[in-house]
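Engineer: just the structure for this:
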Amino acid sequence: MTAVSSDRPAPLRHAALPLLAVLTLALVMGVFRPPSPSVGPIQPAARPLPQTDAVPGRLPAELKKPVKVWVHFTDKGVHSPAEHAQALDQVAATYNPRATARRLLRGDEAKRAGALFDQRDLPVPPSYVDAVTATGARRSVVSRWLNAVSVYATPEQVEQIRALPFVARVQPVARGRRIEPADVAPVSPSSVGGDANRGRLDYGLATEQLTQINLIALHEAGYTGQGVVVGILDTGFHREHAAFNDPDHPLAIVAEYDFINDDPNTGIEPGDPGGQHYHGTYILGTLAAYRPGHLMGGAFDAAFILCKTEDTAGEYPAEEDYYVAGLEFIEANGGDVATSSLGYIDWYTQADLDGQTAVTTIAVNIATANGVHCCTAAMNMGHDSNPTTSHLGAPADAFQVITCGAVNSNGVIASFSSDGPTADGRVKPEVLALGVGTATVNPDTVYSYSSVSGTSLSTPLVAGAVACLTQAHSDWTVDQLRDFLFQTAGDYVADGTYDPLYVRGYGIINAYQAAQDCNGNGVPDLADISTGTSTDVNGSGIPDECESVGDLNCDGVTDFADINPFVLYLSNFAAWQAEFPGCDPLNGDINGDGTYGQWAFDDINPFVQLLAGG
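Structural biologist: The predicted structure is shown next:
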């Protein structure tokens, strides 16, 4: 396996801060257009891990061949306040301006207050890395976020590395297994059918899976992922399918990198194992497909960053250093959303899944603090009815990651869908989408499609919804988007809480309702109604204070002054129209049954209830 080195395409340098106000405005207005695919990737920024052992234990002394280890450093090589300030200024001056604007807009509290960069964004000192490789160890990944380098080293080399004065600790690079599809089968659009009703866009095979999460309604409201950049961490991506090559709607790629082979090509390459590209192409198809009447992705107008981080040749295809490098790459290239269907548990236990131990979990925590909305699969290890046991894999335990389980088309939890809670008792998975028979592209053909099962397929459906919500509310922080998504999910709306068995979380997402906050109180409309904060006498799903329902004199409010107009409306509809020209007759359809005007006496009781405030 070729090491990932610093000999990547030269970073594109930007004058970040002078453009900050303009770019922030562009994000808010949703007018960003992704840079040309010819723009080179930008070198990622870094943050250190806490200086404690994330995975306790020593390397087996009997091993003679090199093994992969993390080497964590004590500092970033800047020791005075002046040096530190100068180094931060250098990072700010050269950082991707879109990533900078995202941090200011959606990052954690410190970033939104203007502290956009800190020591964790400084580069790892090259002299430290050189000293490590001088032992004969072979470099793989350099991580700013972890203040570390991963290397292949023998036990003897590890001991030499440990003796270096600036080395904090050495630990194994954890490996994991890809969340394999539970089932794959061919499927054709003619066997499912699309939705050509009333001239609407025909979603073909995706109709069911996107309707279940109410994402088509959000698309029809104008939110299809336009101006949003989604990063995918997976095996590789074969982009020859017709659904990626519509002449009027080609797939938009902002940046891509193969962290396994250390090159900028995430497609099929000589020497790749057979099927290397399968899983990543499934995920890309679920998100980005655009072939009306056949298959439509959940965020078909988004642009994408592709990261090839899994080597399918080995028993443990997922190595956490590649994941960290890929996530840094997504953040540094201006990604808004990151999604992955990986799970790391072989080198961890459920007790380690506390949100602050596993390396990939820590990396996701850093990404979300930088304003990246992150989605990940819960894993396919099944569940039980015991709320004290769990079957998760890192980074599903990250504090602000959206962890996704799977259901079938009837909303029943899939048998393979993993359960929580985390080791520290938090709800995981949090949300659900279709993961049984999810439609996507066939990665080996140009025109055929596949039905694939697994939490790895429900996750990009959720990520597509998140991308569309990001377009609708580009200023929402990571926590705000999570809150709106959870409070409008099916189980929470029905029960007012999450699943106490930690299997279903808050339920199946409702993308359209998650975007709705008509009264601007920071709470989804659906939650306002379900908690009784707002009334909804006509059952429209819109709080009454946001509608003109009951306003029969059209003065902008519904009050006792509407009683006489309402009586006229019921008794002499033509006279009401003459007295209040331009007033919408549907204002009198209080119960929302579609009938209105004269003799609509079934609206009387709802009208009285509306005036009484509920």
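
Engineer: pLDDT weak spots in the protein?
Structural biologist: Within the chain, the stretches with pLDDT under 70 are 1-64, 176-188, 190-199, 314-318, 592, 594, 598-599, 613-614.

Engineer: and if we set it to 90?
Structural biologist: In the predicted model, the chain carries pLDDT under 90 at residues 1-65, 79, 174-200, 269-276, 310-319, 341-348, 517-563, 565-577, 579-614.

Engineer: the longest helix in it is where?
Structural biologist: helix 455-472 (DSSP state H).

Engineer: what is the burial count for residue 247?
Structural biologist: Here the number of neighbours of residue 247 (other CB atoms under 10 Å) works out to 5. Bear in mind the C-beta positions are built from the backbone N, C-alpha and C, glycine included.

Engineer: and it, how far from residue 204?
Structural biologist: Relative to residue 204, residue 247 is positioned 18 Å away (CB to CB, to the nearest Å).

Engineer: may I have the longest helix of the chain as CSV, with CA atoms only?
Structural biologist: Taking C-alpha atoms only, helix 455-472 is exported to CSV below (Å, rounded to 0.1, in the frame of the first residue of the first chain):
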residue,chain,number,x,y,z
THR,A,455,-27.6,1.0,7.2
SER,A,456,-25.0,2.1,4.7
LEU,A,457,-27.8,2.9,2.3
SER,A,458,-30.2,4.6,4.7
THR,A,459,-27.3,6.9,5.7
PRO,A,460,-26.9,8.7,2.3
LEU,A,461,-30.7,9.1,2.2
VAL,A,462,-30.4,11.1,5.5
ALA,A,463,-27.4,12.9,4.2
GLY,A,464,-29.3,14.0,1.1
ALA,A,465,-32.0,15.4,3.3
VAL,A,466,-29.4,17.2,5.4
ALA,A,467,-27.9,18.7,2.3
CYS,A,468,-31.3,20.0,1.2
LEU,A,469,-31.9,21.4,4.7
THR,A,470,-28.5,23.1,4.6
GLN,A,471,-29.6,24.8,1.4
ALA,A,472,-32.9,25.9,3.1
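
Engineer: where does residue 481 sit: helix, strand or coil?
Structural biologist: helix (DSSP: H, G, I helix; E, B strand; the rest coil).

Engineer: over to the one 5 residues further on?
Structural biologist: Following three-state DSSP, residue 486 is assigned to helix.

Engineer: doesn't residue 233 belong to a helix?
Structural biologist: No. Applying three-state DSSP, one finds residue 233 to be strand, outside a helix.

Engineer: how about the contacts made by the residue nearest to it when sequence neighbours are not counted?
Structural biologist: Leaving aside its chain neighbours, residue 233 sits nearest to residue 340 (4.1 Å; criterion: CB to CB, 6 or more residues apart in numbering). By CB atoms under 8 Å, 6 or more residues apart in numbering, the contact list for residue 340 reads 232-234, 323, 374-377, 395, 459.

Engineer: closest one of the residues you listed to residue 419?
Structural biologist: residue 377 (13.0 Å; CB to CB).

Engineer: and the closest one, how many neighbours?
Structural biologist: 33.

Engineer: report the separation between the closest residue to residue 487 other than its chain neighbours and residue 510.
Structural biologist: Of all residues not flanking residue 487 in the chain, residue 527 sits nearest, at 4.2 Å (CB to CB, 6+ apart). Distance of residue 527 to residue 510, computed by CB to CB: 11 Å.

Engineer: mutual contacts of the two, please.
Structural biologist: Common neighbours of residue 527 and residue 510, using CB under 8 Å, 6+ apart, are 488, 493.

Engineer: so between these two, which is more surrounded?
Structural biologist: Here residue 527 and residue 510 are compared on neighbour count by other CB under 10 Å; more neighbours surround residue 510, at 28 against 23.

Engineer: would you confirm that the more buried one contacts residue 492?
Structural biologist: No. Here residue 510 does not reach residue 492: they are 9.8 Å apart, not a contact under CB atoms under 8 Å.
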